[in-house]
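*Asks:* predicted model follows, preceded by the sequence.
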Amino acid sequence: MEIISIKKIYNRKWTIGNILIGSFLFLPIGVLFYNLFNSKGKSFKYLFENLLFDYSLNTIYLILITCLCSLIFAILPAWFISNYKFKGRKIYDVLLFLPLSIPSYIMAFTYSEILSFTGPIQTFFKNFSPEIADFLNKDYLQIEVLGIILALALYPYVYTSSRISFSYIGSNYINLSKTLGLSSIKTFYKVIIPLSKPAIFSGLFLIILEVLNEYGAVKYFGVNTYTTGIFRAWFSMGETNTAIQLACLLLIIVFLIFVFEKKSNSNKGFYYSSNSKIQKLNMVVKKNLPIIHFSCLIPFLFGFFFPFIFILNNSFKIISSIEYKELIVLLVNSLSVSSISSLLIVLFGIIFIFIEKNSKSKINVLITQLVSLGYAIPGAVIGLSLILLFTSLKKSFFPISIIGSIYILIYAYIVRFLAVGISPIRSSVEKMPESYNDTGKNLGLGFYNLLKKIHLPINKLALISAFIITFVDLLKELPITLILRPFNFDTLATQTYQFAIEEMLKESSIYSLFIITIGCVMLLIFKAILNKELDVS
Amino acid sequence: ESKNKKINEVNLYSQRHYNVDKKQYENFEKITGIKVNVVKANADELIERLKNEGADSPADLFITVDAGKLHKASQNGLLQKINSNKINIDNQLKDPNGFWVPITYRARIIVYSNERVKKADLSTYSDLANEKWKGKILVRSSSNSYNQALMASIIANDGIESASKWSKGIVENFARNPKGNDRDQVKAIASGQGDIAIVNSYYIGLLLSSKNDDEISAGKAVSVFFPNQGEDKRGSHINVSGIGLTKNSPNKKNAIKLIEYLTSVDAQKIYVNNSYEYPVNTLVEPNEIVKEWGTFKKDSLDLNLLGKFRNEAILIFDKTGWK
Amino acid sequence: MYLEIKNLVKYYKKNIPLIKKLNFSIKKGEIISFIGESGSGKTTFLKCISGLEKINSGSIFLNNLALNDENIFVKPQNRKIGFVFQDYPLFPHLNLKENILFNLNKKYLKSLEYMLSLTGLSKLIYRFPHELSGGEQQRACIARALIREPELLLLDEPFSNLDSSIKNSIKEEIHKIIKKTGTTTILVTHDIKDSLNISDRILIFKAGVLQQYDNPVKMYCEPANCYCGKILGDLNKIKINEKNYYLRPEKIKISKKSPYQVIIKKSYFQGKEYKILGAFNNEPWHFFSKDAIIKGEKIHITFKKEDLIFFDSLCENFFT
Amino acid sequence: MYLEIKNLVKYYKKNIPLIKKLNFSIKKGEIISFIGESGSGKTTFLKCISGLEKINSGSIFLNNLALNDENIFVKPQNRKIGFVFQDYPLFPHLNLKENILFNLNKKYLKSLEYMLSLTGLSKLIYRFPHELSGGEQQRACIARALIREPELLLLDEPFSNLDSSIKNSIKEEIHKIIKKTGTTTILVTHDIKDSLNISDRILIFKAGVLQQYDNPVKMYCEPANCYCGKILGDLNKIKINEKNYYLRPEKIKISKKSPYQVIIKKSYFQGKEYKILGAFNNEPWHFFSKDAIIKGEKIHITFKKEDLIFFDSLCENFFT
Ligand SMILES: Nc1ncnc2c1ncn2[C@@H]1O[C@H](COP(=O)(O)OP(=O)(O)OP(=O)(O)O)[C@@H](O)[C@H]1O
Ligand SMILES: Nc1ncnc2c1ncn2[C@@H]1O[C@H](COP(=O)(O)OP(=O)(O)OP(=O)(O)O)[C@@H](O)[C@H]1O
Ligand SMILES: [Mg+2]
Ligand SMILES: [Mg+2]
């Protein structure tokens, strides 16, 4: 009997390891909940009664606008590019991806500048046609405008997911609907859209989280969202506990939405992807070409090209006053922190997914889900919870300098962005047949070799994708860095933001330009990988 | 701690992140050889961090752009009194309790459209609640600390009730919902969306010294008005950027040296000419652009009260619908 | 004629015609099997008939109305043709009933009950596709096609994705359903055994050309060329007077003595009998025997002259 | 005995045993077919033997060494067992040669050439899996297993994913390869026709219990129970003296006159002959005829008493 019990522990060593790492990463979230039950925020009731309803309505309205516009910007081009053969198709496919490299707050500041009374558009018309200038002279700091701008920055999430889904659905279902008497348009909304719903939602979900986490742009536009409420409680009223309570409430709501959506999909068992091959492209009828180009160009031009040109132009204007030494320091800071954190995230991702896949215990699935929750928490709140965590631990465990050290910053990054890195790894591993594992074992591989010789090489592309996606996200990261960074530590993002928030858009432009350029390069690599995967499978 | 002493340095938690600050620190290092380390973040985040770090905090100095936050820090026991006789500043601006030292100050002023508003119609902050300004007033949102400080000063001077009334009046006179920053309010006047804005003084200086012609013309489209100037009035609302010495400062000597430097004539000149704020050192004159607006009477309120009445200010904002 | 295909030509890449001048016709109520190798263009042909692909030349008439010729192209949604596809039977987001009623004209609603009982699906109507077995999904597809009372039913390899254990019963059932409704049907397959029992006529298609189009028995006994003959069953080759003749295995009898000697290579047990592989003049020969025969043994066989099949030189392989 | 399975019990959920007390053994060099329905636990059984699953009780001996019993569990990587999986997984990031040599002990390297020529893959060694056909992938998996000279080879439905057109030739080839290397093999399938020709012995598995384990001929002629009998071919039921007897179709002869009369339901053309479906005392009966018989006709048949198969009451269905 003794032998068996030792064996049992031995057999569970992976699960036990997983629980340890999982709880390490879950700690900050745990701290939040601990404080939630451990305290009473005085202002919670006040906020709840006076502002929260208003803030929530604003939030929902903003999310709705952003999602709706994202859908418009993303779905049509994704559909055309997945299904039709036309000149420029491949280039569009790449270009439509690029807005992801522009941080949403930069997009918002840039557009408010472009549209403002002193911006290039109105100035132009003031000289040439005062009537048009008068017509354009409007207050653009509106929630609707903000929604559109955020959509321009975020629509690529939906574009990617629906693009993949559309090309997997294939012509099969389309042919089927035709023979059942459906016209093309009817086919689109009665068959294609319902079938792509899970994929589209997964993209929308990311957008929702980003909007919830948005602070800079929202504040500038005078739109009070739920996150504003959290910050109001925390900063203006000085009620940390209330802030935590609000954050937890948000977390729970997000989690419920997520679970609900997952459930409703699993009931219907969407299995088309395994069932059909990549479809062949259709030729385009000439008269439809303008529509296709229009729908592909608009999101790219407004989501990337115009802001990019504006920022580029600003950079040229201040090119003489750039301090290159400082720029290099910022560059090194940004690149090193982002790449180290992304590497660690990928590493943790591999561990979680590999153990989840190889152990039969359901605990491991739960762990992965719990540590993925971090993405739903606003970055500043994660920063706060880490400060709480380490100040209460430090006396017994850590040296003083641990807070405000690069380690904590990276730790916080990992906690928040793990979910971003895990999801491409998971989807790749899930596509892998069960029998690879069994074959490996049968051919004499142990646990480590299984990972090294089979899982890692086969999922190589997914690992690179995971790295790139988190890297680009981290490059743009702001709130966590602001709160937790060490002395004299600036990144491209913080520097951009500091100037932008002080209404010095020009001075900020060179830093945003670097963020965008690096992001673009990475995204181009990512796109190349994605296309490769689409073609092979 | 011993390690910190070996290296000749001073650690700052600062809310200020202008280029001019960097210049100051570099100068300071050149003069004294003391290295200045900075963490820049929101004042409340920094206070949170100081609170949690407690005795182990590496920070020596805490810099904010709002006296209210300095008050909050000292209320939380995070600051210690500053003793130095080398600090030469305007007495009216000093912290009565001696916990912090101002390094610049500015007024929250009224700007008005040259075309549509007559200067003679303007008088006080309270007057802005008058019906005659219906649909004409521009101001940023209530989550901004400048507005919170202004409201706190009104509460401190006139009491909660009249502050509420005032707020309600202002809200009814809004030209649009509060949004954007101070510069945007000026631009909105230039573009005709409203006639009067409440802004910080130095933003006008920044606009007028801009490299963008349109910003300059926006700045020129408005004039500056200092409210509450009459004999019987209390003066325009001002606020300071200030610096506090942390309770457990590990490099106290260096920290005091930095405070002394920042209030010195040389440093004050740099502030004045780069950020268009008013100097706290009586020996220094404001920048030319700022000087043109003339001198004005400052509200003599104890600036710590701005922190004390902050929560009340927020409640009034919420109640009266100032978003 | 009910369905008429005239000079149908179809290619995806110019100069590489997949279907070269196809001509044939179907009578009302007939079940036709369309047999060809993988990649020979069977699915393409069905797509042409249903309008999912345009033909390059020729014409298609259904019930004396042109569906597609030089000037006319009737859109797929306007042709009354039911199409059951190879590998993607049902919409995953709809349950069985919703799938069957998908975009259905109200006038057909009344026959839902009958269709469900015919296909034996009455009890499953609220299940989603992933909760149905392969055969049930298959039947649902057929119900969905038949409820629209199509003038023509196209079945594209309806059995290829089925487990062999349920394949037979499904085959039976589908045949029964089609016969009961009297629907004119084209069944595409690459497996002749699937279609031998079911179809009224079989069309063998190879290299873009119709090879033979006849009823199963005629086809087995009088194949148009060697290719058709071999598709329907083993053929043993024998040279007589410098000419190649062919013989079906079941026509060969084992006898005590005869001029023909075979060396046994292997006996395959097949339940009711053994299938024997032997070598006759170095040609592999198949025939049947009640008992196993030991490897290496030499035995004598006989056959009747009239059972020999002869192809003239044009028919030694297949038509091109 | 080479492989011995004793009292093997395996369940995933407690109280629902998938395999209940399985006992059987294999001699060295034998090829065994393991036949069972889908979901009956065939793959699970192979996983137990190879060590990918632990057994819940009982024991497995290979070559007189215990692989798994109450105290011992030899890890899969330490058993010398080759396993070819259902969906023949070649690693997509390795080419064919690298796949075969994957994690291979150097001492086996010398037989690479032989293995490649045996499986006919010599020319394809630098291709990647997606550049290989299904059959080639299948053979590569077998080569990968055989080159390690396994003491036991497990084949999990190696033919189920193959196109029926190439299935037969693959089946032949694999049989040849296994026989040539003399490898002891368990072949899992749910299709008895696949295994009738290939295997030395057949094991029929149903409801967690071994139903019959014997050579193919014995099995066909003397099935242990009705279930086994029906799996191997049609059985016609006849009641004599209140007892149920069964009869294989090929034992039935059509005659001019006899006490037994059948009403014809349908004739299926099968090439060499017709399979006739008739009704005898309301039981569906199958038998063969050279010619088609018209539906509704009444004909007489005879059979020999000694061909009747009788199951006692325990064997009327299957063992549980
Ligand atoms: N849309 C298309 N564009 C170009 N080539 C095509 C297209 N559709 C099919 N083909 C090619 O035409 C040939 C015939 O395809 P088709 O699907 O008609 O064959 P099939 O006889 O149905 O084969 P299977 O038995 O495998 O289903 C194939 O070589 C295929 O690659
Ligand atoms: N790891 C597992 N955990 C729980 N149940 C399992 C597991 N693996 C298989 N099963 C279940 O055990 C049963 C037998 O599965 P198994 O794969 O052994 O069947 P099989 O006979 O190989 O079927 P098939 O012919 O479809 O391959 C199935 O009901 C299956 O769902
Ligand atoms: Mg096909
Ligand atoms: Mg199996």
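*Replies:* Received the coordinates, thanks. Numbers count the residues shown, from 1 in each chain, chains lettered A, B, ... in the order given. Ligands and ions are numbered 1, 2, ... in the order given.

*Asks:* next, count neighbours for residue 316.
*Replies:* Let's take chain A. 12 (other C-beta atoms under 10 Å in any protein chain shown). For every residue, glycine as well, the C-beta is placed using N, CA and C.

*Asks:* wait, I meant chain C there
*Replies:* 11.

*Asks:* that one touches residue C:225, doesn't it?
*Replies:* Yes - counting by C-beta atoms under 8 Å, residue C:316 touches residue C:225, with 7.4 Å between them.

*Asks:* element containing the residue of chain C positioned farthest from its centre?
*Replies:* Distance from the C-alpha centroid of chain C, by C-alpha atoms, centre = their mean, peaks at residue C:257 (40.9 Å). Element membership for residue C:257, per DSSP states H and E: none, as it lies in no helix or strand.

*Asks:* distance of it relative to ligand 2?
*Replies:* From residue C:257 across to ligand 2, the span is 50 Å (C-beta to the nearest ligand atom, to the nearest Å).

*Asks:* check what pLDDT that residue gets.
*Replies:* Note on residue C:257: pLDDT of 87.

*Asks:* so who does it touch?
*Replies:* residue C:300 (C-beta atoms under 8 Å, 6 or more residues apart in numbering or on different chains).

*Asks:* now it: how far from residue D:150?
*Replies:* Counting by C-beta to C-beta, to the nearest Å, the gap between residue C:257 and residue D:150 amounts to 49 Å.

*Asks:* and for residue C:248, nearest residue in space, chain neighbours not counted?
*Replies:* Counting by C-beta to C-beta, 6 or more residues apart in numbering or on different chains, residue C:248 lies nearest to residue C:233, which is 6.2 Å off, once chain neighbours are set aside.

*Asks:* tell me where the stretch 1-150 of chain B has helices.
*Replies:* For the stretch 1-150 of chain B, the helices defined by DSSP state H, counting those that start in this stretch cover B:2-6, B:19-32, B:43-53, B:67-75, B:145-158.

*Asks:* show residues contacting the helix or strand just after the last one.
*Replies:* Later in the chain than helix B:145-158, the nearest helix or strand by DSSP H and E is helix B:160-173. Applying C-beta under 8 Å, 6+ apart, the set of residues contacting helix B:160-173 from outside is B:125-126, B:128-131, B:133-137, B:139, B:151, B:154-155, B:158, B:312-313, B:316-317, B:319-322.

*Asks:* in ChimeraX, how would I select just the buried ones from the residues you listed?
*Replies:* Selecting only the buried entries of the contacts of helix B:160-173 in ChimeraX, with 16 or more other C-beta atoms under 10 Å in any protein chain shown as the criterion:
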select /B:125,126,128,129,133,136,137,139,151,154,155,312,313,316,317,320,322
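
*Asks:* is stretch C:9-26 up against chain A anywhere?
*Replies:* No - remark: stretch C:9-26 sits outside contact range of chain A, by C-beta under 8 Å from any C-beta of the partner chain, the gap being at least 9.1 Å.

*Asks:* I meant to write stretch C:39-56 there.
*Replies:* Yes - for stretch C:39-56, a contact with chain A is found by C-beta under 8 Å from any C-beta, at C:47, C:50-52.

*Asks:* before we move on, the earlier item: gap between the residue farthest from the centre of chain C and residue A:521?
*Replies:* Counting by C-beta to C-beta - residue C:257 and residue A:521 are separated by 86 Å.

*Asks:* which SS class is residue B:210?
*Replies:* coil (DSSP: H, G, I helix; E, B strand; the rest coil).

*Asks:* distance check, it against ligand 1.
*Replies:* 61 Å.

*Asks:* likewise for residue B:244?
*Replies:* 75 Å.

*Asks:* now swap in residue A:232 and tell me
*Replies:* Taking C-beta to the nearest ligand atom, one finds residue A:232 at 59 Å from ligand 1.

*Asks:* now swap in residue A:345 and tell me
*Replies:* Taken as C-beta to the nearest ligand atom, the span from residue A:345 to ligand 1 is 42 Å.

*Asks:* among the helices of the stretch 1-150 of chain B, which is the most enclosed?
*Replies:* helix B:67-75 (a mean of 25; mean count of other C-beta atoms under 10 Å in any protein chain shown).

*Asks:* okay, the angle between that helix and helix B:145-158?
*Replies:* Counting by axes from the mean of the first three to the mean of the last three C-alpha atoms, to 10 degrees, helix B:67-75 lies at 80 degrees to helix B:145-158.

*Asks:* can you list contacts of helix B:67-75?
*Replies:* A:238, B:15, B:43-44, B:47, B:50, B:62, B:64, B:79, B:95, B:97, B:99-100, B:102, B:145, B:148-149, B:152, B:239-240, B:242, B:244, B:303-308, B:310.

*Asks:* which of those residues count as buried?
*Replies:* Neighbour-count burial (16+ other C-beta under 10 Å) applied to these gives A:238, B:15, B:43-44, B:47, B:50, B:62, B:64, B:79, B:95, B:99-100, B:102, B:145, B:148-149, B:152, B:239-240, B:242, B:244, B:303-308, B:310.

*Asks:* out of those residues, which sit inside strands?
*Replies:* Among the buried ones among the contacts of helix B:67-75, DSSP state E puts B:62, B:64, B:79, B:100, B:102, B:239-240, B:242, B:244 in strands.

*Asks:* quick check: the farthest pair among these?
*Replies:* Taking C-beta to C-beta as the measure, these span a maximum distance of 17.9 Å, between B:79 and B:239.

*Asks:* just to revisit the earlier point, pLDDT added to the ones in strands among the buried ones among the contacts of helix B:67-75, as CSV?
*Replies:* Formatted as CSV, those follow (pLDDT from 0 to 100):
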residue, pLDDT
B:62, 95
B:64, 93
B:79, 94
B:100, 94
B:102, 94
B:239, 93
B:240, 94
B:242, 93
B:244, 94
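
*Asks:* closest to chain C among these?
*Replies:* residue B:64 (56.5 Å; C-beta to the nearest C-beta).

*Asks:* low-confidence stretches in the stretch 101-250 of chain C?
*Replies:* Applying pLDDT under 70 to the stretch 101-250 of chain C picks out residues C:161-166.

*Asks:* next up, the contacts around residue C:151.
*Replies:* Residue C:151 touches C:62-63, C:80-81, C:184, counting by C-beta under 8 Å, 6+ apart.

*Asks:* relative to chain D, which of those is nearest.
*Replies:* Of the contacts of residue C:151, the one sitting nearest to chain D (C-beta to the nearest C-beta) turns out to be residue C:184, at 20.9 Å.

*Asks:* pretty sure the closest one sits against residue C:153.
*Replies:* Yes - counting by C-beta under 8 Å, residue C:184 does reach residue C:153; the two are 6.9 Å apart.
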